[in-house]
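S.K.: next comes the sequence, and after it the predicted model I'd like to discuss.
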Protein chains: 4
Amino acid sequence: MSDLGWNPLHGVPSYPAERYAILADRIGGILRSRSDIVLVQAEAVVALEAVAASLARPGLSALNIVTSPYGGWFGQWLRRGGAAVQDVVAEPGLPIEIEAVARALDAGPHIDVLAVVHAESANGILNPLPEILALARARGIVTVVDAVASVGGHRLDVDHLGIDIAVIGPQKALGGPAGVSALSLSARAWDLILSGGAPRDSILSLADLRTWVDGGRRALPGTPAPLEFFALEVALDRIEAEGLENVVARHALAASATRAGLTALGAPAWVPAAKASNLVTAVPMPAGLAPDALIAAAGRLGVEVTEGVGTTPVRLMRLNHTGPRASFQTVLSNVVAYGAALSQAGHDCDIAAAAEAVCEVYSR
Amino acid sequence: MSDLGWNPLHGVPSYPAERYAILADRIGGILRSRSDIVLVQAEAVVALEAVAASLARPGLSALNIVTSPYGGWFGQWLRRGGAAVQDVVAEPGLPIEIEAVARALDAGPHIDVLAVVHAESANGILNPLPEILALARARGIVTVVDAVASVGGHRLDVDHLGIDIAVIGPQKALGGPAGVSALSLSARAWDLILSGGAPRDSILSLADLRTWVDGGRRALPGTPAPLEFFALEVALDRIEAEGLENVVARHALAASATRAGLTALGAPAWVPAAKASNLVTAVPMPAGLAPDALIAAAGRLGVEVTEGVGTTPVRLMRLNHTGPRASFQTVLSNVVAYGAALSQAGHDCDIAAAAEAVCEVYSR
Amino acid sequence: MSDLGWNPLHGVPSYPAERYAILADRIGGILRSRSDIVLVQAEAVVALEAVAASLARPGLSALNIVTSPYGGWFGQWLRRGGAAVQDVVAEPGLPIEIEAVARALDAGPHIDVLAVVHAESANGILNPLPEILALARARGIVTVVDAVASVGGHRLDVDHLGIDIAVIGPQKALGGPAGVSALSLSARAWDLILSGGAPRDSILSLADLRTWVDGGRRALPGTPAPLEFFALEVALDRIEAEGLENVVARHALAASATRAGLTALGAPAWVPAAKASNLVTAVPMPAGLAPDALIAAAGRLGVEVTEGVGTTPVRLMRLNHTGPRASFQTVLSNVVAYGAALSQAGHDCDIAAAAEAVCEVYSR
Amino acid sequence: MSDLGWNPLHGVPSYPAERYAILADRIGGILRSRSDIVLVQAEAVVALEAVAASLARPGLSALNIVTSPYGGWFGQWLRRGGAAVQDVVAEPGLPIEIEAVARALDAGPHIDVLAVVHAESANGILNPLPEILALARARGIVTVVDAVASVGGHRLDVDHLGIDIAVIGPQKALGGPAGVSALSLSARAWDLILSGGAPRDSILSLADLRTWVDGGRRALPGTPAPLEFFALEVALDRIEAEGLENVVARHALAASATRAGLTALGAPAWVPAAKASNLVTAVPMPAGLAPDALIAAAGRLGVEVTEGVGTTPVRLMRLNHTGPRASFQTVLSNVVAYGAALSQAGHDCDIAAAAEAVCEVYSR
């Protein structure tokens, strides 16, 4: 009897073992990576923790760029595993300065691993990834890039940039499920992970996933969650149908229109365009206003505005234009609703001009 | 062995036979109808055709109020079945005048059946349903109300209004699936349908559905399409969680904000509020503009604007705020995108004021 | 902005208009038909009623082969439209004899249309389709084949057999959704349908679907039910992955094992293999037994056994091995549970031998 | 505007924050636990690893009962965290003897934590849970029960048995999704976890989940995977509709019929009924046979037979009757297909008698 790929006796369709390899190859295509792609059966923050847990060991020296709480956690996880970690911390709410990275690399001891978040959803900044990677490559450092928020919202060419470990999640710009994530791992990354001490038999073990790669990329370790893999396929179908470059362009347009709208509103974005992510736009809250009141006022319009995460000199509000939200409708509504919330809080702003500005950017 | 309600051997879960009655009762609750609710396994236009086919016969006399192509089809279907049909046609693009209905009823021969569309998605008008029904009730006429577009967008109290046959679909204001529809049928309606000549063994046979009612409302005639029924349950869950009155209020707000926005834009809606549906708003297109160009310009912003259907002195464009579209985001985007499309076509309009007006209505 | 193929603003994904043509082509592949394939947005019995309604008119002469209630309904629908219909009725519960068809064609008046059901799910018989079609082709008769139950369970090569109108549903051997169906229509079929009198603006109008074909096979008439079309894609994916010939072979194996099991049980199938469908196997119930008791006894094991439909000299029980049920598990359980039900009813039978026989056929 | 519970702008419905608490309460109902129920957003093996990681610390002393590889991993995870772990290892492939547990508790140092797997899917055994827990309770030991495989297949009354930490997954006997799991945690368990040293900001941190409990059980830490939670609701709907006791009884019946079938086949189960799980039945493979050949032979019938995991004096094959597989169809097919596989391998066995025996148990 031929294999139906779906045994109705089992109640829930299981994910066919031969399709994991196809999934991995499709993700490799999106990342423009010819390295090994491995799938992690949990949300992307688990994949990040697994990277730290799999790299960390006494004797390992890491430079950890911190531009949000995520970077902070990554440093903690490395330290928990015994690594010596030097944090390079950006000015609050700003991208890292490339000079600060260069200084740390030049001043410090030998560095084995450098970790950086590409684009931050916490505060809407974009780190100077190509420049950072160039510094690391020149020094033979293994690089870890948290591209969970940026994949699909910014260009990310893993092989061309020379990223050793890139971590992505489908649930942001790719508009997919949250219970699965993926990594691209170079040969150098594998060498370091497997050179001893890496945990095994753990959700945090990348070495377990190397066994999966070596075994032909069929059944993943543990019990697979088929819903996530089927949903990932659907998300990839959509991304491939739209075209990855169009997806990135759609996010860039959303960011650009949001910024124009905020400027016209009289509440300009926190960082200049060159330092801003395409996923969320952070805007400083006028002094004296309460974030909860703004959030509630926008919420009454059905628009979600959230407070920025992390320490900044001023409090930041975030307008989200990630994934399906990277659309004219959401961008326009976000800006206008934020303006309405400011107005209700007694802060003068020009909703009319803001709407016109958003429309103008989208109509170019 | 106990009944699992789902036999995995069958591959596709079948819809449990005992849940049809529960579905029907929930729909009765939404319609505030204690009459029989029957389910039709096809989109709502089929339910309408079934009503006409099941009522029509030589000797039957019908007054058919025509305010869009839907009304026209209903008359055709009645005539195809041998009924004598008198159409009462509204001014193009306008609701019927209650006086015209009264005149037709007074002047004409004895009328058995009166048919009317509650709210028209074709041109955005609302017919004066309570007044029409009062006239019909006073004369003992069996009434047929096409509430496919209006259910969930306007109050519709079947028992209180005394509607004999109401036809609804879940795919518009209720935000549900399109492949199933439902009818409420009074005892008088059944009497007329079953009094002879009604088709049997047909998708267009309501008499077949009476057999279903009499047999305990379990397996529907034919092969059930379980996906539609499961999706209908989910839609009803959502409606009941939001509360039907809140759903109606959300549509009224969307209509009101759309009208305010269009007025501020300098392109006021086609009919006054009292004659307008809460589902779509029709707006006369400035002379000399091509609808395709406006549709394409809005489409470039990801906003769907469509041309009105049917004959009107001027061409109408429609902004849709039905179901999940009855939201601040969609209403604002619709109005602004329509304004942008007009501007691009060289027609001056005030997008800024329009956005402010929409915002103002939603912020009250 | 590029088209996302899915507008999240609309709440429920709509079926992309450009995919209807792809669906139709894939169904054409399964039917080995290069004629027009049209999609009907309702279960297959509606497609059959639409064929009858679209062909029937005064002056049309039809030969209708009746081997179950379905054939009976088809004749009724033709007559309702004014056609002159001659039924050729098989012996109760048996396929039609080819000689009876020949005699009817030779004796009768000129025949325009011949209709036949390929395989009957009502009583498990298979009609001699190639022979019947040869007779019809030789006389220039337009042929209608109800292949709803047979598609996927038997070879069905529409072009090679010269079928003018074939009607299929995805919900049986193809294991797909029930709320959509399809037809293959030859040029001769269209000529007859369009030659005057065909209904328009109706769920029963094939002429409406010709307009869809001529208009580029995009939006179907009416409101599409996207769930059904997405589910149909998934079913076609599965069929194409398994291979249509393997699907047919799987049904043939299930039928063959069922028959062997029943023979070993001491309760042989109703018709010989050459006259039997691969979808369900009918077995005569021993005299004196009550069908409800057998159905209940099998049901207590979680196995569904149903009574045959239609008039036969003896009452028939049906074992279903269609679609996902065409598997070793279902066939074995069906036969053993039927044996257990007979035993409980006091009718001696050899369950052990039956299980061995099923196993033996599947192990060849 | 009221909260729709689903924002269509966001593309994928998010899981409403207020429903996590409802989910937890429903799981508490299934476990008959009034302790805190926490949800882990990953498969159950991650929940187990989290328990070990959250309890383990230098100075903690644990008794770890090992009856399969799962127990082995749990001991490793505890040791990794610095705990002193004493493994009590059962005879290969057998449940632990209660005397061995008593001896270890009496002989050893003070024990803080005792861990045991309730029913093993690796080899089909059932440990004497009530007796083990009685020993632990008498000594004030915090108990950890891996009930991932047993929940739904065996009675499991957490409060009555006095289990401090129970770990479950919905993907086995409950027939639900695999990407989510749950724990019941007593006040004593929380005290030990929070008494210092527990990891934070980690997928393996139960302390993070205590923060979730204390914060009102709304948004889970990290990014929620809505598909898993919606699917868990559906699984709970089904379990509650069938009734948990009926679910357990269905598994007991499946186990009992499988054992009877295997005995009749001449290949009796590995352990006596009192020591066997209701989820899978292990059967010793006759000497000289290759497991792959048996697996392939059963696979040709579409039946999945797998090899037991772990060390046993003889190699074990497993017949799975868990969740939707706990049905007459699967049990009968499993036994008969296993018999057919043995026959093909030249090992005489009585398929006919086996089928009859399965049928007889199900027909009682």
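M.R.: Everything's here; your move. Residues are numbered from 1 along each chain as shown, chains lettered A, B, ... in the order given.
S.K.: mind checking the SS state of the residue in the stretch 101-250 of chain A that chain B sits nearest to?
M.R.: Taking Cβ to the nearest Cβ, chain B has its nearest neighbour within the stretch 101-250 of chain A at residue A:250, 9.4 Å off. In short, each C-beta sits where N, CA and C put it, glycine included. Counting by DSSP: H, G, I helix; E, B strand; the rest coil, the backbone at residue A:250 sits in helix.
S.K.: just the pLDDT at it, thanks.
M.R.: Model confidence at residue A:250, given as pLDDT, is 97.
S.K.: and it, how many neighbours does it have?
M.R.: Using other Cβ atoms under 10 Å in any protein chain shown, residue A:250 has 26 other residues around it.
S.K.: same thing with residue A:349?
M.R.: In terms of burial, residue A:349 registers 20 neighbours under the definition other Cβ under 10 Å.
S.K.: surely it touches residue A:263?
M.R.: No. With contacts counted by Cβ atoms under 8 Å, residue A:349 stays clear of residue A:263, the gap being 11.0 Å.
S.K.: all strands for the stretch 201-350 of chain A, in order.
M.R.: In the stretch 201-350 of chain A, the strands defined using DSSP state E, counting those that start in this stretch lie at A:280-284, A:305-307, A:316-320.
S.K.: I'd like those strands as a markdown table, with mean pLDDT, distance to residue A:220 and mean neighbour count appended.
M.R.: Output for the strands of the stretch 201-350 of chain A, formatted as a markdown table (pLDDT from 0 to 100; distance: least, Cβ to Cβ, whole Å; neighbours: other Cβ atoms under 10 Å in any protein chain shown):
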| stretch | mean pLDDT | distance to residue A:220 | mean neighbour count |
| --- | --- | --- | --- |
| strand A:280-284 | 97 | 31 | 26 |
| strand A:305-307 | 95 | 33 | 17 |
| strand A:316-320 | 97 | 31 | 25 |
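S.K.: for residue D:138, find the nearest of those strands.
M.R.: With respect to residue D:138, and counting by Cβ to Cβ, the nearest of the strands of the stretch 201-350 of chain A is strand A:305-307 at 51.6 Å.
S.K.: what lines up beside the closest one in the sheet?
M.R.: Strands that pair with strand A:305-307, judged by DSSP bridges, come out as strand A:316-320 (antiparallel).
S.K.: send me the strand it pairs with as PDB with only the CA atoms.
M.R.: In PDB, the C-alpha atoms belonging to strand A:316-320 read as follows (Å, rounded to 0.1, in the frame of the first residue of the first chain):
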ATOM      1  CA  LEU A 316       8.600  55.500  24.000                       C
ATOM      2  CA  MET A 317       5.400  54.500  22.400                       C
ATOM      3  CA  ARG A 318       5.500  51.900  19.600                       C
ATOM      4  CA  LEU A 319       3.400  51.800  16.400                       C
ATOM      5  CA  ASN A 320       3.600  48.300  15.000                       C
END
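S.K.: run through who's touching that strand.
M.R.: The set of residues external to strand A:316-320 that reach it, using Cβ atoms under 8 Å, 6 or more residues apart in numbering or on different chains, is A:93, A:123-124, A:258, A:262, A:270, A:279-285, A:291, A:294-295, A:304-308, A:330-331, A:334-335, A:338.
S.K.: re the thing from before, distance to residue B:46 added to the strands of the stretch 201-350 of chain A, as JSON lines?
M.R.: As requested, these are arranged in JSON lines below (distance: least, Cβ to Cβ, whole Å):
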{"stretch": "strand A:280-284", "distance to residue B:46": "46"}
{"stretch": "strand A:305-307", "distance to residue B:46": "44"}
{"stretch": "strand A:316-320", "distance to residue B:46": "41"}
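S.K.: my guess is the residue of the stretch 101-250 of chain A closest to chain B contacts residue A:325. True?
M.R.: No. Counting by Cβ under 8 Å, no contact exists between residue A:250 and residue A:325, whose distance comes to 10.3 Å.
S.K.: wait, residue A:52 touches residue A:85, no?
M.R.: No. At 9.5 Å, residue A:52 and residue A:85 do not qualify as touching, with contact defined as Cβ under 8 Å.
S.K.: got any residues that touch both of the two?
M.R.: Between them, residue A:52 and residue A:85 share the neighbouring residues residue A:78, with contact defined by Cβ under 8 Å, 6+ apart.
S.K.: could you give the bridge partners of the nearest residue to residue A:306 once chain neighbours are set aside?
M.R.: Sequence neighbours aside, residue A:318 is the residue nearest to residue A:306 in space, at 5.0 Å (criterion: Cβ to Cβ, 6 or more residues apart in numbering or on different chains). In this structure, residue A:318 bridges to residue A:282, residue A:306 when assessed by DSSP bridges.
S.K.: follow-up on the earlier one: neighbour count winner among residue A:52 and residue A:85?
M.R.: Between residue A:52 and residue A:85, counted using other Cβ under 10 Å, residue A:52 has the larger neighbour count: 26 against 21.
S.K.: how about the more buried one, nearest residue that isn't a chain neighbour?
M.R.: In space, not counting the residues next to it along the chain, residue A:52 is nearest to residue A:77; the distance is 3.4 Å by Cβ to Cβ, 6+ apart.
S.K.: what's the neighbour count on that neighbour?
M.R.: Under the neighbour criterion other Cβ under 10 Å, residue A:77 is assigned a count of 25.
S.K.: repeat for residue A:112
M.R.: Applying the criterion other Cβ under 10 Å, we find 18 residues in the vicinity of residue A:112.
S.K.: and for residue A:159?
M.R.: Neighbours of residue A:159 under the rule other Cβ under 10 Å: 14.
S.K.: would you tell me what helix or strand it is located in?
M.R.: If you go by DSSP states H and E, residue A:159 is part of helix A:158-161.
S.K.: which parts of that helix are buried?
M.R.: By neighbour count with 16 or more other Cβ atoms under 10 Å in any protein chain shown, helix A:158-161 contains the buried residues A:158, A:161.
S.K.: for stretch A:259-270, same thing?
M.R.: With burial defined by 16+ other Cβ under 10 Å, the residues of stretch A:259-270 counted as buried are A:259-262, A:264-267, A:269-270.
S.K.: before we move on, the earlier item: in contact with the residue nearest to the residue of the stretch 101-250 of chain A closest to chain B when sequence neighbours are not counted, which residues are there?
M.R.: Here the nearest residue to residue A:250 in space, its sequence neighbours aside, is residue A:326; by Cβ to Cβ, 6+ apart that works out to 4.9 Å. With contacts taken as Cβ under 8 Å, 6+ apart, residue A:326 has the following neighbours: A:153, A:173, A:250-251, A:253-254, A:278.
S.K.: nearest to chain C: which residue in the stretch 201-350 of chain A?
M.R.: The shortest separation between the stretch 201-350 of chain A and chain C is 4.2 Å, found at residue A:324 (distances taken as Cβ to the nearest Cβ).
S.K.: just give me the neighbour total for the residue in the stretch 251-364 of chain A that chain D sits nearest to.
M.R.: Closest approach between the stretch 251-364 of chain A and chain D, counting by Cβ to the nearest Cβ: residue A:324, at 3.2 Å. Neighbouring residues of residue A:324 were enumerated by other Cβ under 10 Å; the total is 22.
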